[in-house]
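Q: Quick one: sequence and predicted model below, then my questions.
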There are 2 protein chains.
Amino acid sequence: MMSDVTLINIKEEILAENKGRATKLRAGLDDKGIFLVNFMSSPGSGKTSLIVRTIEQLRDQFRIAVIEGDVDSAVDAERVAEEGVPAVQIKTGGSCHLTAAMVEKGLDALSLESLDLLFLENIGNLICPVGSDTGAHLNVALLSVPEGDDKPLKYPKIFKTADAFIVNKTDVLDYFDFDLESFKRRMRRLNPEAPLFEVSCKTGEGVDLWSRWLRGRVRAPAS
Amino acid sequence: MMSDVTLINIKEEILAENKGRATKLRAGLDDKGIFLVNFMSSPGSGKTSLIVRTIEQLRDQFRIAVIEGDVDSAVDAERVAEEGVPAVQIKTGGSCHLTAAMVEKGLDALSLESLDLLFLENIGNLICPVGSDTGAHLNVALLSVPEGDDKPLKYPKIFKTADAFIVNKTDVLDYFDFDLESFKRRMRRLNPEAPLFEVSCKTGEGVDLWSRWLRGRVRAPAS
């Protein structure tokens, strides 16, 4: 049993160190007028698609770049780069979430002077990214319809802590037993305040509402 | 940088300890003639549905029980218990995978004398469960159509190491840009041998083929 106790201490130490680093990173971004948004979800919920759709909506108002986290590939960064915005790929090589130190390395690869809005795509995972501060000003959680409306029961921490929610793939609502009202009730029990956006990154439906809300957050002073 | 080095050592120590525990657990199950199958996938890929469908197919030939892993709920165990088989729920309270020690606790809650086949539903996650031996004789990875055909590129380790693959939700292939041939090519590059089953747990299509194959594995001497 001793080794378990040791692990928890190490974990807390590392989380505390990460928190300090993230706070410093956020302050540095504030100084430069850059707003950092962290996107979290399961694999395949549509983080990259949402980022691409949001870039389409906001590229005329903001200078945007993207940092992509992945265990072992650069396919997402390549897809984002096709939009003509700077994209950095971080390969974690096994780690299940991004840390502030990894984001720092991503920032080193970008021209921060010519940037207003930075998107961070976290590793596809509903557990590990929660609680590891990336330095972001806004933490967005995505859930896609095929994953099921019971996810707030099973992964409460991400639903408790996210600043905004996206339900993606609403175009396939008819083909799945996903009850939007049940989902909302379960999610509201954990998080009564955070805004929820229903979108389909495939058809584009709902992306305008989400983008308009995000635009307001970027213009507001950083929290 | 020192803390990173420390973390890696601790992790390796714990993995080694877990491996020893898992090997012992597997030997104990062999003695009792129990075959343990570990199901791994993202949240919402259909692990519970596949387990329920497989129970329907094999309950006449084997005495079956299920250990369900979850971060924080018992909804899956309740669903399995409706099938009339013994179900144990393990709540990890934050941990992103099951360990052999957790499975041991699950076994303590079951009557092992009246058991042939034991299903283990791991935490919904494509990263953490890989590499942490649960004591299972067979490791099955699921991917569902809505998650996308690029997942072998992004999460190679689970595709490299699993003993069998299930592509679930084939009933919605028409509604998603999921190219089954691309997926197979990507998966085969990592794992040329493991059998792949295409199923729809919703319609039941393909479940018979998978169940027949599994029945053969249970009857064969444990590996």
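A: Looks like it arrived, so ask away.
Q: what's the distance between A:Gly106 and chain B?
A: For A:Gly106, the distance to chain B (Cβ to the nearest Cβ, to the nearest Å) stands at 18 Å. C-betas here are computed from N, CA, C, even on glycine.
Q: Help me confirm that that residue comes into contact with A:Ala65.
A: No. In this structure, A:Gly106 is not within contact of A:Ala65 by Cβ atoms under 8 Å, at 9.2 Å.
Q: Of the two, which one has the most company?
A: Between A:Gly106 and A:Ala65, A:Ala65 has the larger neighbour count (other Cβ atoms under 10 Å in any protein chain shown), namely 25 against 21.
Q: State the mean pLDDT of whichever strand or helix holds that one.
A: Assigned by DSSP states H and E, A:Ala65 falls within strand A:64-70. Average pLDDT, strand A:64-70: 93.
Q: what residue ranges in chain A score low on pLDDT?
A: Per-residue confidence for chain A (pLDDT under 70) gives these ranges: A:1-12, A:220-223.
Q: quick one, strands of it?
A: Using DSSP state E, the strands of chain A run over A:35-40, A:64-70, A:87-91, A:117-121, A:138-144, A:164-168, A:196-198.
Q: Of all the ones you listed, which one is nearest chain B?
A: Closest to chain B of the strands of chain A, according to Cβ to the nearest Cβ: strand A:64-70, at 5.7 Å.
Q: Quick one: list the elements packing against the closest one.
A: Counting contacts by 3 or more Cβ pairs under 8 Å, 6 or more residues apart in numbering or on different chains; DSSP states H and E, strand A:64-70 is packed against helix A:47-58, helix A:75-81, strand A:87-91, helix A:100-108, strand A:117-121.
Q: Just the angle for the first one relative to strand A:64-70, thanks.
A: Our comparison of helix A:47-58 with strand A:64-70, counting by axes from the mean of the first three to the mean of the last three Cα atoms, to 10 degrees, yields an angle of 180 degrees.
Q: For helix A:47-58, list every residue counted as buried.
A: Buried residues in helix A:47-58, counted by 16 or more other Cβ atoms under 10 Å in any protein chain shown: A:47-55, A:57-58.
Q: now swap in stretch A:207-223 and tell me
A: In terms of neighbour count (16+ other Cβ under 10 Å), stretch A:207-223 has its buried residues at A:207, A:210-211, A:214-215, A:217-218.
Q: Could you measure from A:Asp72 over to B:Glu205?
A: Separation of A:Asp72 from B:Glu205 (Cβ to Cβ, to the nearest Å) stands at 32 Å.
Q: An error on my part: the question was meant for A:Tyr175.
A: 15 Å.
Q: between those two, who's got more neighbours?
A: Counted by other Cβ under 10 Å, A:Tyr175 and B:Glu205 do not tie: A:Tyr175 has more neighbours, with 18 against 13.
Q: In this structure that one contacts B:Phe176, no?
A: No. If you go by Cβ under 8 Å, A:Tyr175 and B:Phe176 don't touch, sitting 9.6 Å apart.
Q: ends of stretch A:166-183, how far apart?
A: 12 Å (Cα to Cα, to the nearest Å).
Q: swap in stretch A:198-205?
A: From its first residue to its last, stretch A:198-205 covers 8 Å (Cα to Cα).
Q: what's in contact with that stretch?
A: Contacts with stretch A:198-205, where a contact means Cβ atoms under 8 Å, 6 or more residues apart in numbering or on different chains, come from A:46, A:49-50, A:52-53, A:166-171, A:180, A:206-207, A:209-210.
Q: Which members of the residues you listed define the maximum pairwise distance?
A: A:Val52 and A:Leu180 (24.1 Å; Cβ to Cβ).
Q: residues contacting the residue nearest to the spatial centre of chain A?
A: Closest to where the C-alpha atoms of chain A average out (Cα atoms, centre = their mean) is A:Phe39, at 0.9 Å. By Cβ under 8 Å, 6+ apart, the residues touching A:Phe39 are A:47, A:50-51, A:119-122, A:140, A:142.
Q: Just send these back as JSON lines, with distance to chain B too.
A: Converted to JSON lines, the contacts of A:Phe39 look like this (distance: Cβ to the nearest Cβ, whole Å):
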{"residue": "A:Lys47", "distance to chain B": "11"}
{"residue": "A:Leu50", "distance to chain B": "14"}
{"residue": "A:Ile51", "distance to chain B": "15"}
{"residue": "A:Phe119", "distance to chain B": "18"}
{"residue": "A:Leu120", "distance to chain B": "16"}
{"residue": "A:Glu121", "distance to chain B": "11"}
{"residue": "A:Asn122", "distance to chain B": "12"}
{"residue": "A:Val140", "distance to chain B": "17"}
{"residue": "A:Leu142", "distance to chain B": "12"}
